[in-house]
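Peer 1: how would this look folded up:
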Amino acid sequence: MLGSKGTITERRLRPLWYAIDTRNYKSALKLATALLAKHPDSTYAVALKALVLERIGKPDEALVLCKQAKDTRPVDDLTLSTLQMVYSRMKLPDQATLCYEHACAVMPNNVEMLMALFKCYVREYVFVKQQQTAMKLYKLVQEERFLLWAVCSILMQVGSEGSGSKLVALAEALLKKRVDSHGLHDLEALMLYISVLKQQGKYESALEVMTGQLGELFSIQNDKLRLQGELLMRLHKYEQAADVFQEVLKTSSDDWAVFVSYLDASLGGPEVDAAGELAVRLEEHEVTEKLEKVLKLVLEMQEMPVGELRRGPFLAVVEIEKRRLLLRRKFGGEDQIKEQSVILSDSIRAFFKRFGALLSFSSDIADYLHYVDESHRDQLAKDLHELSSQIQNESPVKRLRRKISAFQVEEKLMGKGTCTNEDLGSRAVDIANLYIESLELSADLDAQESMHGEELLVLATNILVELFRRTQNMGFLLEAILVLEFGLYARRFSSQYKLLLIDLYTMVSAIIPALEWYRTLDVKYILVETISHMMLPGLLSSTRWSDLQSLLKDGKEFYDNHQSESADFTILAYNHSTYSKVLEFVEFKERLERSHQRLVFRSEASIFPLKLRAESLEDVELSLAELDFGRKPLDWCGDEKLLLLTFNEDLQTRPWWSPAPDECLLAGPLRNAGAERSWHHVETEEEKKRRESRWRNAVKRRCLIPRIFCLVLSTTKDRNSAKQGASDTAVELEKLIDSYLMTMGLRADSLEGWLQEAISSEQAFETSGVKPVEMVTSTLFWTAHQLSCRDSKSCSSVASLLKTIVYVVDEVLKCLQRELNDTEHGLKVLAPGTGLSVLVGLISESFTWLTLYLQSWSKQLQPSGGKKKKKGSGSSEQASAPIDSHLSASLESLRSAAVSHLERVQGVVIDTFLNRPDQIEVDGYMTLLKSPFPGAPGDVIKVLESPQGLDIATKLAARTAQTEQPWQAAELIRKLVASQRDTSASVRDLCTSRLTILKSLSFSSLPNAVESSI
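Peer 2: This next block holds a predicted model:
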């Protein structure tokens, strides 16, 4: 008996199952239809056909059949599991849950059915019902796993609802009762119990549990000792903790985390206290004695006879010398500090002799380089270079790696401005020569393996960008792009090169090649969350709207799909009794739901249709209606939700000159942000907090725009509506505008004064950090609010907006003109932070909002035909005529100013970027790289393009079948010019589109029409 009604033999079902399993859905649909025709009363047959229909892309038909099957209230597992599959794929898990809830009500003691219901609640993340169902299962069969399911559900309630200590205490009570009666039989169960105790700060109890009989569940003794040492540290029993960690080091001498914990325990506690300050808890002589004891153990560890390469015991010497240096800074004099700094440098040299040929060397000692005295840094770098040349009894690859390590350390030791431009240029040439020598060593590697010496071109690029930063010579930036392109010509699979190129191309408004390299990274799954910040800001400041739409769609699909996929992973973890993973999966899912990058995707996806459909006011209003008139984005950016945002962006992938998507050390005031920060600056905790606060404000502004703009448009309608309704709209609009301005450190009531002061000082962008787009947009919103009030302030608001438009456009165009270099060659180079990308934002957003706003007024102010004046209402209507007259004049002045400035922008873009032939632009770029003077741009690329370099690189490229095209720098520059021209043409076309609309409007004749209609 298969199905709730009707008997179907397995022989008849087997072909249908096979067709579904092999994804032959066309055949499966025929078989399912035939099966249902023969067994019309079989609920299982209905469910199977629904499954097939969903798989072939007919969800509506599938949903109808699912409802038909659900209404029969099936209780058999086959039908329920089939319905669950269909509902899950259609993202309707609650419907499957209803089916299982009914089945469990009919069969309350069916364990399999209760387990299935529990998993339904897992898919819906209903933790309370998960707990209740798990406890029912535990009471039925008294199995340990069901109790642990309930405990996990309780702990997840604490994480999601912040219910506090009572729930954790309940979890502990359940586990303790189980331990007392039956004990625990699984290590995962023990770790869950210890986790519950740790959450309550019961470290003593946790220590008793794991050192007792339950501790025998640990199959690896060192794992037990590590946890024991951690608990002892929490209990401030440092001497006992040190003994435990020392025991681990005797068998795992390369365990770096354990060594650091051992050192902290030996010195009486963690190196840094809760406030982030260096902590010295013992007297100077006590610390000295402890460090000597630790050093003795380290030297013994170094002598241990082991067959594997161990870095830990040797790096430990460097760590000890660093601690001694910190001790000297705390208690010693200037001479003692300098002496200890020399000893620290010597320990780094010793480590280099032994491990300098390892790929990890640079990262191993990176933190210690900050402690080397500035007077010793140059000598240390010089010594490492000498050592890399002196050590000869190594393979060519190891010798190369040692030289690379020396260059990497030298780069990290280089302080701001400590090297002359000539020294930097010479170093870059040396690095390029070493890269050419290294190419031969990579000839036999697999096509997708990293090359030996891949880091060299990254080092050369860093130097070239630093030279641009110092000299503002665009040739260095162009050379950096060509150097990275050369590396990808030889080996196409280097993600380091691609990420650097994406940022450089974006900064010079060449979005097309940036997008091409981004696509080759194959960014999907979690990389959408961590890496998309490399491309999304560039697309937002361009007019590649189809590509932007595709990226926003990819982001939406990832976040939408992850919730169901995460539930599947969580169920899998439950099935395998890996309870730590259950908690991790749920925590990760909640972290993604509160992700800053997800909110960025959602906010930009809500604004994008408004820009895309800007030529039609009706389409824009439809887009706003789809967003519940802007209320949906408003709900995303509540203060409590913003405080809970998680920042999962992998900023380590970003180049040093662009440490965050909104920061560029190479940019001018229009793109701002941290231009004075030194090279390779490590972000402090305070700077991190400021960045996250800045990001919260920025994403809040984006979320506010749809609702504010919807209200702005509504102020143009229903001019004679009830005063209370109009007042409600005005109050909400003023409140939201104030919120928008507060994210920039401004207030609505002082906006006009701030604008006048900023414009008169001519330093609005430098001093306030307010971007041009935001300046014009916020002024427009406030002006719209003032005009809706129809009071004397309206005219002054319009005047402020006009002044703002004039000022911002002037500043952007001035910046653009300043960034046109080498005009004697007719060259038009776009530097980082160029006004061109700012112009895209101004026209695609600020001028677009202004155009739509004026369209809405034009539509509402058209004469409505002759209407008879109502008796008794003449005085009020006559009083409104002068207001309409002033309003029309203000709107006409806005329209005229917008037309004038759009025409000006369009003219500058055409004259500057579009009137000259491509070849002249390409020749101008090439001229930058052919300077006869030493230290000028072009020296590095000359080395790479030498006959030897080109020959080896061409062979490598041909061997991996990457390209049949020879290396041509001029062709790459031609692509760059074409991409810049594409951006320029987009700005011109945007101007044309907005001008067409604005010129079709006219408010000069409206006042008389309005008055006559009254």
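
Peer 1: CA atoms for contacts and neighbours, from now on please.
Peer 2: Fine.

Peer 1: separation between residue 475 and residue 495?
Peer 2: 24 Å (CA to CA, to the nearest Å).

Peer 1: enumerate every residue touching residue 974.
Peer 2: 918, 919, 922 (CA atoms under 8 Å, 6 or more residues apart in numbering).

Peer 1: pLDDT check: weakest of those residues?
Peer 2: Comparing pLDDT over the contacts of residue 974, residue 918 scores lowest. The value there is 82.

Peer 1: mind checking how far it is from residue 981?
Peer 2: Residue 918 is 9 Å from residue 981, by CA to CA.

Peer 1: and those two? Which one has more around it.
Peer 2: residue 981 (19 against 16; other CA atoms under 10 Å).

Peer 1: which of the contacts of residue 974 fall in helices?
Peer 2: In this view, the contacts of residue 974 that belong to helices under DSSP state H are 918, 919, 922.

Peer 1: quick check, nearest of those residues to residue 985?
Peer 2: residue 918 (13.3 Å; CA to CA).

Peer 1: residue contacts, the closest one?
Peer 2: 974, 977, 978.

Peer 1: returning to that earlier point: looking at the ones in helices among the contacts of residue 974, which one is closest to residue 623?
Peer 2: Nearest to residue 623 among these, with distances taken as CA to CA, is residue 918, at 39.5 Å.

Peer 1: if I look at that closest one, how far off is residue 973?
Peer 2: Distance, residue 918 to residue 973, by CA to CA: 10 Å.

Peer 1: ditto for residue 381
Peer 2: Applying CA to CA to residue 381 and residue 973 gives a distance of 36 Å.

Peer 1: what is the burial count for the residue nearest to residue 770 when sequence neighbours are not counted?
Peer 2: Take residue 770 and drop its neighbours on the chain: the residue closest to it by CA to CA, 6 or more residues apart in numbering is residue 744, 6.7 Å away. Per other CA under 10 Å, the neighbour tally for residue 744 reads 18.

Peer 1: SS state for residue 744?
Peer 2: Following DSSP: H, G, I helix; E, B strand; the rest coil, we place residue 744 in the coil state.

Peer 1: just residue 683 next, same as before
Peer 2: coil.

Peer 1: before we move on, back to that, more neighbours, residue 475 and residue 495?
Peer 2: Between residue 475 and residue 495, residue 475 has the larger neighbour count (other CA under 10 Å), namely 26 against 16.

Peer 1: tell me the pLDDT at the more buried one?
Peer 2: pLDDT, residue 475: 89.

Peer 1: and residue 921, by the same measure?
Peer 2: Looking at residue 921, its pLDDT is 81.

Peer 1: report how many residues lie close to it.
Peer 2: 21.

Peer 1: what separation do you get for it and residue 986?
Peer 2: Residue 921 is 18 Å from residue 986, where distance means CA to CA.

Peer 1: rewinding a little: a markdown table for the ones in helices among the contacts of residue 974, including distance to residue 255?
Peer 2: Compiled in a markdown table, the ones in helices among the contacts of residue 974 are given as follows (distance: CA to CA, whole Å):
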| residue | distance to residue 255 |
| --- | --- |
| 918 | 59 |
| 919 | 60 |
| 922 | 55 |
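
Peer 1: which one of these is nearest to residue 482?
Peer 2: residue 922 (13.6 Å).

Peer 1: so which of the contacts of residue 918 are in strands?
Peer 2: Residues of the contacts of residue 918 located in strands (DSSP state E): none.

Peer 1: in TSV: these, plus pLDDT and distance to residue 660.
Peer 2: Below are the contacts of residue 918 laid out as TSV (pLDDT from 0 to 100; distance: CA to CA, whole Å):
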residue	pLDDT	distance to residue 660
974	92	29
977	89	26
978	91	27
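
Peer 1: so for residue 428, what's the pLDDT?
Peer 2: Listed pLDDT for residue 428 reads 94.

Peer 1: got it, and residue 862?
Peer 2: The model's pLDDT for residue 862 equals 69.

Peer 1: the chain should start at 262 in everything you say after this.
Peer 2: With 262 as the first residue, the last one maps to residue 1123.

Peer 1: from residue 761, how far out is the spatially closest residue to residue 502 that is not a sequence neighbour?
Peer 2: Using CA to CA, 6+ apart and skipping residues adjacent in sequence, the residue nearest residue 502 is residue 490, 4.7 Å away. Residue 490 is 43 Å from residue 761, where distance means CA to CA.

Peer 1: who's more crowded, these two?
Peer 2: A side-by-side neighbour count of residue 490 and residue 761, using other CA under 10 Å, places residue 490 first with 27 against 24.

Peer 1: what's the neighbour count on residue 628?
Peer 2: 12.

Peer 1: JSON lines please, covering the contacts of residue 1179 and showing distance to residue 472.
Peer 2: Below are the contacts of residue 1179 laid out as JSON lines (distance: CA to CA, whole Å):
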{"residue": "1235", "distance to residue 472": "70"}
{"residue": "1238", "distance to residue 472": "69"}
{"residue": "1239", "distance to residue 472": "70"}
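
Peer 1: just these now: which is nearest residue 776?
Peer 2: Ranked by distance to residue 776 (CA to CA), the contacts of residue 1179 are led by residue 1239 at 13.9 Å.

Peer 1: tell me what the host helix or strand of residue 853 is packed against?
Peer 2: Of the helices and strands defined by DSSP states H and E, residue 853 is found in helix 840-854. Where contact means 3 or more CA pairs under 8 Å, 6 or more residues apart in numbering; DSSP states H and E, helix 840-854 is packed against helix 405-422, helix 448-460, helix 806-836.

Peer 1: deepest of those, which one?
Peer 2: Greatest average neighbour count among these goes to helix 405-422 (a mean of 21), per mean count of other CA atoms under 10 Å.

Peer 1: list the contacts of the residue nearest to residue 502.
Peer 2: With contact set as CA under 8 Å, 6+ apart, residue 490 has these partners: 501, 502, 503, 505, 506.

Peer 1: so which two of these are the farthest from each other?
Peer 2: 501 and 506 (8.8 Å).

Peer 1: show me what the mean pLDDT comes to for stretch 515-535.
Peer 2: Mean predicted confidence for stretch 515-535 is 85.

Peer 1: helix, strand or coil for the residue nearest to the spatial centre of the chain?
Peer 2: Nearest residue to the geometric centre of the chain (CA atoms, centre = their mean): residue 910, 3.3 Å. What three-state DSSP gives for residue 910 is coil.

Peer 1: wait, it sits on residue 791?
Peer 2: Yes - using CA atoms under 8 Å, residue 910 is in contact with residue 791, at 4.3 Å.

Peer 1: and residue 924, its phi and psi?
Peer 2: phi -130, psi 140 (degrees, to the nearest 10).

Peer 1: that one bridge partners, please.
Peer 2: Per DSSP bridges, residues listed as beta-bridge partners of residue 924: residue 921.

Peer 1: contact partners for residue 748?
Peer 2: Contacts of residue 748 (CA under 8 Å, 6+ apart): 718, 758.

Peer 1: next: the one 3 residues further on.
Peer 2: When contacts are counted by CA under 8 Å, 6+ apart, residue 751 touches 1214, 1215, 1217, 1218.

Peer 1: now the third one: closest residue in space that isn't a chain neighbour?
Peer 2: Think residue 1217. Nearest to residue 1217 is residue 751, by CA to CA, 6+ apart, at 5.6 Å.

Peer 1: and the last one, by the same measure?
Peer 2: Leaving aside its chain neighbours, residue 1218 sits nearest to residue 751 (4.9 Å; criterion: CA to CA, 6+ apart).

Peer 1: may I have stretch 1226-1246 as PDB, with CA atoms only?
Peer 2: Taking Å, rounded to 0.1, in the frame of the first residue of the first chain, the C-alpha atoms of stretch 1226-1246 are listed here in PDB:
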ATOM      1  CA  GLN A1226      48.400  36.500 -29.100                       C
ATOM      2  CA  PRO A1227      51.900  37.900 -28.500                       C
ATOM      3  CA  TRP A1228      52.500  40.400 -25.700                       C
ATOM      4  CA  GLN A1229      51.500  43.900 -26.900                       C
ATOM      5  CA  ALA A1230      51.500  46.700 -24.300                       C
ATOM      6  CA  ALA A1231      50.000  49.100 -26.900                       C
ATOM      7  CA  GLU A1232      47.000  46.900 -27.300                       C
ATOM      8  CA  LEU A1233      46.400  46.800 -23.600                       C
ATOM      9  CA  ILE A1234      46.600  50.600 -23.500                       C
ATOM     10  CA  ARG A1235      44.200  50.700 -26.400                       C
ATOM     11  CA  LYS A1236      41.700  48.600 -24.300                       C
ATOM     12  CA  LEU A1237      42.200  50.900 -21.400                       C
ATOM     13  CA  VAL A1238      41.500  54.000 -23.500                       C
ATOM     14  CA  ALA A1239      38.500  52.300 -25.100                       C
ATOM     15  CA  SER A1240      37.100  51.600 -21.600                       C
ATOM     16  CA  GLN A1241      37.600  55.200 -20.400                       C
ATOM     17  CA  ARG A1242      36.000  56.400 -23.600                       C
ATOM     18  CA  ASP A1243      33.100  54.100 -22.900                       C
ATOM     19  CA  THR A1244      32.600  55.700 -19.500                       C
ATOM     20  CA  SER A1245      32.800  59.100 -21.000                       C
ATOM     21  CA  ALA A1246      30.300  58.300 -23.700                       C
END
